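Sharing a model prediction with you, sequence too.
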Amino acid sequence: MLPLFINLTKKKIVIAGGGKIAARKARNLEAEEPEITFIAPDFCNDVLILSEEKGYTLIHREAKPTDFSDAFFVILATNDPKINRILSKQLSPNQLVCVVDPAEEGNVIFPSTLRRGQLQIAVTTNGASPKLTRKIKLDLEQQFDRSWETYIRFLSQCRSKLKKMAIPFEQKNELLEEVLNDRYRTEEPLRNEMLRRIQSLEKTS
Ligand SMILES: C[C@@]1(CC(=O)O)C2=NC(=C\c3[nH]c(c(CCC(=O)O)c3CC(=O)O)Cc3[nH]c(c(CC(=O)O)c3CCC(=O)O)/C=C3\N/C(=C\2)[C@@H](CCC(=O)O)[C@]3(C)CC(=O)O)/[C@H]1CCC(=O)O
Ligand SMILES: NC(=O)c1ccc[n+]([C@@H]2O[C@H](COP(=O)([O-])OP(=O)(O)OC[C@H]3O[C@@H](n4cnc5c(N)ncnc54)[C@H](O)[C@@H]3O)[C@@H](O)[C@H]2O)c1
């Protein structure tokens, strides 16, 4: 398994199952604004509320193999691992699929993710211990507090300005290195000073 970050905006995602695990996976995907269809004989409240909020499609019956033919990403989240396994065997080998149980039947697993603006840290144990995965995420949440959100925005501003400027590569590199000093995260005036410094270089370049 290899970590890759994936853009699922407007992608078609089909979820077999409508219980709390199906709902949790859909909540994890929410920010990507995908087009989700749930297929299950019955749905829990979480799924009903989320679908109402987001306009997702609900199909009230057992899932069948043809339900997934045009899905970019399939999530098999019924409460019967045998059914999940049978459905997974009939999918195209070119589809992304997460089987919530047994995980090894799929080719995608959900990590536990921490977001601080553009900074994302995803943790996995490859299914060895989802509880440890969650514990590590909670520890990281303490380490990477909210100050990282504005700091990442600042780093991004510096980099996009510097990228466009006709100054020597070494000078760009030096500045990009300098802003990694933790003082730029903790001291806002220092950030403003740096942005002004870059702006003045912009004028002379
Ligand atoms: C990270 C997280 C993301 C999310 O789902 O949001 C996630 N599981 C989370 C929690 C969690 N899951 C389970 C418990 C109960 C305790 C326990 O069993 O340990 C808890 C803890 C809790 O709820 O406290 C039970 C469980 N999980 C899987 C199986 C089936 C199997 O092992 O085959 C069973 C047994 C079912 C049963 O027998 O009952 C499988 C998977 N779960 C994964 C992800 C993937 C591997 C992640 C990794 O290890 O890196 C993988 C392989 C596939 C997938 O689902 O993508 C989320 C924490 C999010 C957070 O809080 O930050
Ligand atoms: N991967 C994870 O993170 C994780 C965590 C905990 C549990 N699990 C596993 O996830 C499974 C689902 O858990 P849950 O709490 O959501 O269960 P649940 O009982 O709340 O919901 C099961 C859902 O599956 C639907 N279903 C049953 N047969 C179906 C079929 N043939 N086609 C379509 N839908 C069908 C039911 O209607 C229901 O909506 C559990 O059996 C467990 O093994 C996975």
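Here it is on my side, so go on. Residues are numbered from 1 along each chain as shown. Ligands and ions are numbered 1, 2, ... in the order given.

Can you give me the pLDDT of Glu202?
Glu202 is assigned 79 on the pLDDT scale.

Give the buried residues for the helix or strand of the chain with the lowest mean pLDDT.
Of all regular secondary-structure elements in the chain, judged by mean pLDDT, DSSP states H and E, the least confident is helix 188-204 with a mean of 91. By neighbour count, with 16 or more other C-beta atoms under 10 Å as the criterion, the buried positions of helix 188-204 are Arg191, Met194, Ile198, Leu201. No exception for glycine: its C-beta is placed from N, CA and C like everyone else's.

Tell me how far the residue lying closest to the last one once chain neighbours are set aside lies from Gly117.
Just to be clear, that refers to Leu201. Leaving aside its sequence neighbours, Leu201 sits nearest to Ile167 (C-beta to C-beta, 6 or more residues apart in numbering; 6.0 Å). Distance of Ile167 to Gly117, given as C-beta to C-beta, to the nearest Å: 26 Å.

where does the protein dip in pLDDT?
In the prediction, the chain carries residues with pLDDT under 70 at positions 205.

residue of it with the smallest distance to ligand 2?
Using C-beta to the nearest ligand atom, the point where the chain gets nearest to ligand 2 is Gly19, with a distance of 2.0 Å.

ok, which stretches of this protein are strands?
Counting by DSSP state E, the chain forms strands over residues 12-16, 35-40, 57-60, 73-76, 96-99, 112-116, 119-123, given from the N-terminal end onward.

and the fourth one, what other elements does it pack with?
So the one you mean is strand 73-76. Based on contacts counted as 3 or more C-beta pairs under 8 Å, 6 or more residues apart in numbering; DSSP states H and E, the elements that strand 73-76 packs against are strand 12-16, helix 81-89, strand 96-99.

again with the third one
Applying 3+ C-beta pairs under 8 Å, 6+ apart, we find strand 57-60 packed against strand 35-40, helix 45-54.

out of the ones you listed, which comes closest to Pro65?
Pro65 lies closest to strand 35-40 among the helices and strands packed on strand 57-60, at 11.3 Å (C-beta to C-beta).

and the angle for that closest one with helix 45-54?
Angular relation of strand 35-40 and helix 45-54 on a 0 to 180 degree scale: 150 degrees, by axes from the mean of the first three to the mean of the last three C-alpha atoms, to 10 degrees.
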